[in-house]
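A.B. asks: Here is my input; please provide its structure:
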Amino acid sequence: MSVEWLNAPVAKLDETVRAAAEARQQQLTKPPGSLGRLETVAIELAALQGREAPSLEQISIVIFAADHGVADEGVSAFPQAVTTEMIRNFARGGAAISVLARELGARLEVVDVGAVIDPGPLEGVISQRVAAGSSNLAVGAAMSTEQLASALSAGRDAVARAVETKAELFVGGDMGIANTTAATAIAAALLKQPAARLVGPGTGLDSDGVQHKTQVIEQALLLHTALLEQPFEVLRCLGGFEIAALAGAYVAAAQVGLPVLVDGFIATSAALAATHIVPEIRPWLLFAHASAEPGHLLMVEALSAKPLVDLDLRLGEGSGAAVALPLLRMAVALHNNMATFAEADVSEEL
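C.D. replies: Presented below is the predicted three-dimensional model:
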């Protein structure tokens with residue numbers, strides 16, 4: 001499978017619309033800048049969507065699920081069976097993101113790109129299984145070039161489905177036992193930082209578990225040293241199928257002009273990889289929340305990003321992005337529906 005599609009041009013933001021949105025903000029019945037980031041994010045969405053009155057009615061949330069061979073190293077507090085069990089929970093509507101999507105009126109789909117245990121046919125779950133989990137990144141490459149291409153394409157396909165439903169914003173989420181190990185390894189490689197600066201407890205490791213996880217990641221970084229200057233190879237050697245699918249989705253969304261709201265630690269590692277592979281996509285990425293995982297701050301700083309909220313979240317699933325969505329909707333509503341000074345017959349400053 002080819003990855004040539006990654007070289008397709010990225011859509012341009014509409015700077016004329018941005019200027020019009022900025023001018024409107026100056027005319028609304030409030031002191032300029034008094035609504036802070038609610039103003040700036042509304043302007044950004046206007047430029048991204050190419051319309052002076054942005055809209056966030058149609059939201060597409062896609063959860064990519066897969067297992068990781070590095071779980072064999074004992075880096076997670078939970079067994080790999082949980083990934084498949086959670087896929088079934090998503091399908092039944094019992095997961096956090098399921099509840100949040102219903103509350104938001106958002107379209108939710110789940111893509112199985114490689115759980116160790118095949119969950120079988122489930123309503124709302126799309127099977128694009130690359131393999132029954134990735135390989136162990138601590139003893140070899142997490143995936144082959146062909147597998148990486150397949151996982152990237154799964155993300156691209158998800159964006160195509162979102163476009164078909166006239167989505168106005170794309171949210172990607174993750175599910176995969178041991179995926180914080182892969183995400184931390186990716187971040188350490190791309191940021192050229194020691195694992196100890198980035199590693200966290202994931203699903204609940206104690207201090208000894210975190211120390212062991214750090215050693216496993218350092219072992220992987222040493223093993224793949226010769227390839228770590230190439231972002232595509234970093235993703236192949238250290239990533240996972242769901243992380244690669246997220247990266248593919250981010251690139252594809254930027255190519256078709258669909259704004260993205262990036263979730264937490266795993267999603268941000270995918271964004272970091274994607275922007276290293278295709279730097280031009282960065283303006284299409286908005287960042288939802290500051291993850292409680294220690295390495296997240298270093299990643300968002302490297303991406304020159306400022307998350308919308310900080311609630312000590314570390315669940316994944318796209319849940320942090322879903323929680324931040326009402327803020328974006330309020331920003332859009334204020335931008336679109338507040339009266340101007342002229343409309344309200346209110347005096348402007350002297």
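
A.B. asks: Model confidence at the residue nearest to Ala195 when sequence neighbours are not counted, what's the number?
C.D. replies: Of all residues not flanking Ala195 in the chain, Ile217 sits nearest, at 4.0 Å (CB to CB, 6 or more residues apart in numbering). Any C-beta I mention is one placed from the backbone N, CA and C, and that applies to glycine too. Per-residue confidence at Ile217 stands at 98 (pLDDT).

A.B. asks: quick one, strands of the stretch 201-350 of the chain?
C.D. replies: Under the criterion DSSP state E, counting those that start in this stretch, the stretch 201-350 of the chain contains strands at 260-262, 285-287.

A.B. asks: what's the spacing between the last one and its chain's center?
C.D. replies: Pointing back at strand 285-287 there. Strand 285-287 has its average C-alpha position 8 Å from the chain's average C-alpha position, going by CA atoms, centre = their mean, to the nearest Å.

A.B. asks: what separates the residue lying closest to Val234 once chain neighbours are set aside from Glu218, distance-wise?
C.D. replies: By the measure of CB to CB, 6+ apart, the closest residue to Val234 outside its immediate chain neighbours is Ala189, 4.7 Å from it. In this structure, Ala189 and Glu218 are 11 Å apart, going by CB to CB, to the nearest Å.

A.B. asks: same check, this time on His335
C.D. replies: The value you get for His335 to Glu218, if CB to CB is used, is 47 Å.

A.B. asks: okay, these two: which has more neighbours?
C.D. replies: With other CB atoms under 10 Å as the criterion, His335 and Glu218 differ in neighbour count, and His335 comes out ahead with 23 against 17.

A.B. asks: doesn't Gln27 make contact with that one?
C.D. replies: No - under the criterion of CB atoms under 8 Å, His335 is not in contact with Gln27, lying 11.2 Å apart.

A.B. asks: and Arg92, what does it touch?
C.D. replies: Residues near Arg92 by CB atoms under 8 Å, 6 or more residues apart in numbering: Ser98.

A.B. asks: please redo it, this time with the cut-off set to 10 Å
C.D. replies: In this structure, Arg92 makes contact with 98, 122-124, judged by CB atoms under 10 Å, 6 or more residues apart in numbering.

A.B. asks: Among those residues, which one sits closest to Val110?
C.D. replies: Among these, Gly124 lies closest to Val110 (CB to CB), at 6.1 Å.

A.B. asks: Now that closest one: closest residue in space that isn't a chain neighbour?
C.D. replies: Counting by CB to CB, 6+ apart, the nearest residue to Gly124 once its immediate chain neighbours are dropped is Ala91, at 5.3 Å.

A.B. asks: Contacts for the helix or strand of the chain with the lowest mean pLDDT next, please.
C.D. replies: Considering only helices and strands, the least confidently modelled element of the chain by mean pLDDT, DSSP states H and E is helix 341-344, at a mean of 92. Applying CB under 10 Å, 6+ apart, the external contacts of helix 341-344 come out as 26-30, 338, 347-349.
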